[in-house]
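S.K.: From the sequence below, what's the structure:
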Amino acid sequence: MKNAQIAEEGVRHQLPPFSKYVIFSITLFIAILVIGGAAFLFSMQKITRSNKAIELTKLLELEKVKLETAVDREIAIVLKMASSPLIQRYFERPSNRELERIALGEINSYRAAVKSNSIFWISDANKMFNINDQAPYKFDINLPENDWYSSTLNKTETYNFNIIRNTNLNTISLRINAPVFNSSRKSIGVVGTNIGLSAFISSVYNKGDRNRAKIYFFNALGEITGAENIGLISGKKNINEELHYIEDDVLAKAKSLAAGQVQTFVVQEGLAAVIAIPMIEWYVIAVMPDSIDDFKTAVSVSFVVGMFLIAFILVLTCVFVFRLLKSLQQAMDSIEDQHRIIMAGINYASEIQKNLLPPSRILVNAFFDYSVKWEPRDVVGGDIYWVKHFDKGSVLCVCDCTGHGTPGALLTMLVMSALESSVWPTSCHDTAGIIWNIDARLRSVFNVSTSGIKDGCDIAVLFIANDGSINLSSGHINVFICNGKSVQRIKGQNIFVGEGSLKSKEEIKMMRVPFNPDNKFYIASDGLFDQPGGENLDPFGYKRFERLILETHANDHSTISNRIWSAFEEYRGAESRVDDFELVTFQPQIRRKENV
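M.R.: Model (predicted):
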């Protein structure tokens, strides 16, 4: 019962632990989250930057239009005032009180029309600076800060601009200056108005989401002329210095723009857009930094919901797999329990089958030299050999029963029983009679006439007489005889023992082989000859076997059988064995009478 005990104590096969599946699921989810998240962030960044580009373009175009519209309106009023004949006469004779009274009335009407409600004027005749209702004062045209007057008077045909910064009030204004000409086109003074840019710029930063964008106005010199931080304006800070994190030259980009063109480009903080305002020779740049708010969209919500849904599905899958693994493990345990019981029985049957084979003392007594290679394809097999010694000699029977494994092993038991009851001392030399008796026994056991069973065995029966001669009869099994110079193959008859096809003993032939001390006998089942292998998966065959026994004839039988087994294994390579392997080799001996 040793093999049975080993089978019972075998280690159970375990399914992969549930924790591995959980780890796999978590790893899979993290991979999906990381890869999906990266793809989502990349796509969202492209989408948000595209949206930002549209938003910034609209923002700058709108602010440009608003500023130009406001300036256009004020310019039109100033130019109309500069071309007024009444004001022209007043500028030529500013000391005429009646003319001054009438002119001031018209100036006040223009003052009411401008948005700032502020008008200034200077007559070149008296160099007095007048603004609204305030008292006039002498205007010193030689001061550097007043050089705009001479430039407007002497170099300007229609109007010009200059920026007025009030550091005390932190305000910035755009002054529109227009020269006043007399009928001879001689400049006789300047009129103008101020546009408060501080309020306009401040309004840009107080429009909902637009306060996310940092907006800067700057002139052709790169000086910041409008920003949320008024200190940048008063300090005339350069736009490239303020936006140092932008690798490109902002001023150069701005100057390269065509009229009405808006250029957007990616910067370190996010996205930037720049536009020109040709009317006042200014430029505007807006920088919108990347923000977490960019991802607060319905698409982001859908992504998060999708991740939660995937996680939920994985959890449900884990629960399902846990239950499935549990039931599968129980089923496997049950199957393995049954398998161990079955294998314990088969292993024990193998021990029984091995014990039925002839012991070595009988084989030593029967042959001068011998070797047996018995290798069932499975634990038990359908090949068997049997040897029995009598006074006249020894009987060797080699059988290949139908099938292999358990069915073949059961048939070998029946054949062994038939042999024990069919071989008698008085007729042990009659090999044909032995086959006939075995056939009769098997036909009786199988009840062939009514059951229809067609099972039985291929068989070779040899009687080795005391004088070394051999009688042999065979059904389907070939007997090979090698004398060292050539190989003789004695083909088995086309008879099958046990299926009921034999009608009389006379159908079975018996031949006698005289003693020759050089003769060696080889008997093998078809598990050797039918085995596919080699490059083309051809059968091992008879010719390869005959070459082997001729090449190894000079060796002892143990060496010969080992060489044949090694050649067989090498030839089949990775191919599975198709049948049981049985090889019996021997050399007969002459037995003296005293040893019989």
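
S.K.: after the least confident helix or strand in the chain by mean pLDDT, next one along is what?
M.R.: Within the chain, no helix or strand scores below helix 2-8, which has a mean of 42 by mean pLDDT, DSSP states H and E. Downstream of helix 2-8, the next assigned helix or strand under DSSP states H and E is helix 18-82.

S.K.: helices or strands up against the next helix-or-strand element following that next one?
M.R.: Under the assignment DSSP H and E, the closest C-terminal helix or strand after helix 18-82 is helix 85-92. On a contact count with 3 or more Cβ pairs under 8 Å, 6 or more residues apart in numbering; DSSP states H and E, helix 85-92 meets helix 97-113, strand 120-123, strand 171-181, strand 187-196. Quick note: C-beta positions are derived from backbone N, CA and C, even for glycine.

S.K.: For stretch 528-539, the averaged confidence score.
M.R.: Averaged over stretch 528-539, pLDDT sits at 95.

S.K.: Name the surrounding residues that touch that stretch.
M.R.: For stretch 528-539, the external contacting residues (Cβ atoms under 8 Å, 6 or more residues apart in numbering) are 540-542, 545, 564, 568, 571-573, 575, 577-579, 581-583.

S.K.: Tell me the one among these nearest to Trp436.
M.R.: Glu582 (23.0 Å; Cβ to Cβ).

S.K.: Pairing partners for the strand or helix carrying that closest one, with directions?
M.R.: Taking DSSP H and E as the criterion, Glu582 maps to strand 581-587. Paired with strand 581-587 in the same sheet, following DSSP bridges, are strand 369-375 (antiparallel), strand 520-524 (antiparallel).

S.K.: ok, now which ones touch the residue nearest to Thr317 when sequence neighbours are not counted?
M.R.: In this structure, Thr317 finds its nearest non-sequential neighbour in Ser25, 6.9 Å apart by Cβ to Cβ, 6 or more residues apart in numbering. Going by Cβ under 8 Å, 6+ apart, Ser25 touches Leu314, Thr317, Cys318.

S.K.: And Ser25, how far from Trp374?
M.R.: According to Cβ to Cβ, to the nearest Å, Ser25 stands 52 Å off from Trp374.

S.K.: I'd like the average pLDDT over stretch 344-356.
M.R.: Mean predicted lDDT for stretch 344-356 stands at 88.

S.K.: now swap in stretch 553-565 and tell me
M.R.: Mean predicted lDDT for stretch 553-565 stands at 96.

S.K.: ok, now which ones touch the nearest residue to Asn238 once chain neighbours are set aside?
M.R.: Counting by Cβ to Cβ, 6+ apart, Asn238 lies nearest to Gly222, which is 4.7 Å off, once chain neighbours are set aside. By Cβ under 8 Å, 6+ apart, the contact list for Gly222 reads Asn238, Ile239, Asn240, Val250, Leu251.

S.K.: out of the residues you listed, who has the most neighbours?
M.R.: Neighbour counts for these, by other Cβ atoms under 10 Å, peak at Ile239, which reaches 25 neighbours.

S.K.: Straight-line length of stretch 117-134, end to end?
M.R.: Start-to-end span of stretch 117-134 (Cα to Cα, to the nearest Å) is 13 Å.

S.K.: Only the buried residues of that stretch, if you could.
M.R.: Neighbour counts using 16 or more other Cβ atoms under 10 Å place Ser118, Ile119, Phe120, Trp121, Ile122, Ser123, Asp124, Lys127, Phe129, Asn130, Ile131 of stretch 117-134 among the buried residues.

S.K.: Just flag the most distant two among these.
M.R.: Distances among the buried residues of stretch 117-134 were taken as Cβ to Cβ; the most separated pair is Ser118 and Asp124, at 21.1 Å.

S.K.: How about the secondary structure of Phe217?
M.R.: Classification of Phe217 using DSSP: H, G, I helix; E, B strand; the rest coil returns strand.

S.K.: residues contacting it?
M.R.: Leu197, Ile201, Ile224, Thr225, Gly226, Ala227, Trp282, Tyr283, Val284.

S.K.: let's see it at 10 Å
M.R.: 63, 67, 172, 197, 200-201, 204, 223-227, 233, 239, 277, 280, 282-285 (Cβ atoms under 10 Å, 6 or more residues apart in numbering).

S.K.: Could you do Phe581 as well?
M.R.: 373-377, 381, 383, 524-528, 531, 564-565, 568-569.

S.K.: likewise Asn437?
M.R.: Contacts of Asn437 (Cβ under 10 Å, 6+ apart): Ala418, Leu419, Ser421, Ser422, Val423, Trp424, Ser427, Asp430, Lys505.

S.K.: Sort out which residues of the helix or strand containing it are buried, please.
M.R.: Using DSSP H and E, Asn437 sits within helix 431-446. By neighbour count on 16+ other Cβ under 10 Å, the buried set for helix 431-446 is 431-443, 446.

S.K.: Check stretch 504-521 too.
M.R.: Ile508, Met510, Val513, Asn519, Lys520, Phe521.

S.K.: Quick check: the two most widely separated of these?
M.R.: Most distant of the buried residues of stretch 504-521, by Cβ to Cβ, are Ile508 and Lys520, 25.3 Å apart.

S.K.: follow-up on the earlier one: looking at the contacts of Asn437, state which has the most neighbours.
M.R.: Ala418 (24 neighbours).

S.K.: Now do the SS call for the closest residue to Asn447 other than its chain neighbours.
M.R.: Excluding its sequence neighbours, the residue lying closest to Asn447 (Cβ to Cβ, 6+ apart) is Ile453, at 7.6 Å. The three-state label given to Ile453 by three-state DSSP is coil.

S.K.: what's the neighbour count on Ile453?
M.R.: 16.

S.K.: for Val578, same thing?
M.R.: With other Cβ under 10 Å as criterion, Val578 counts 15.
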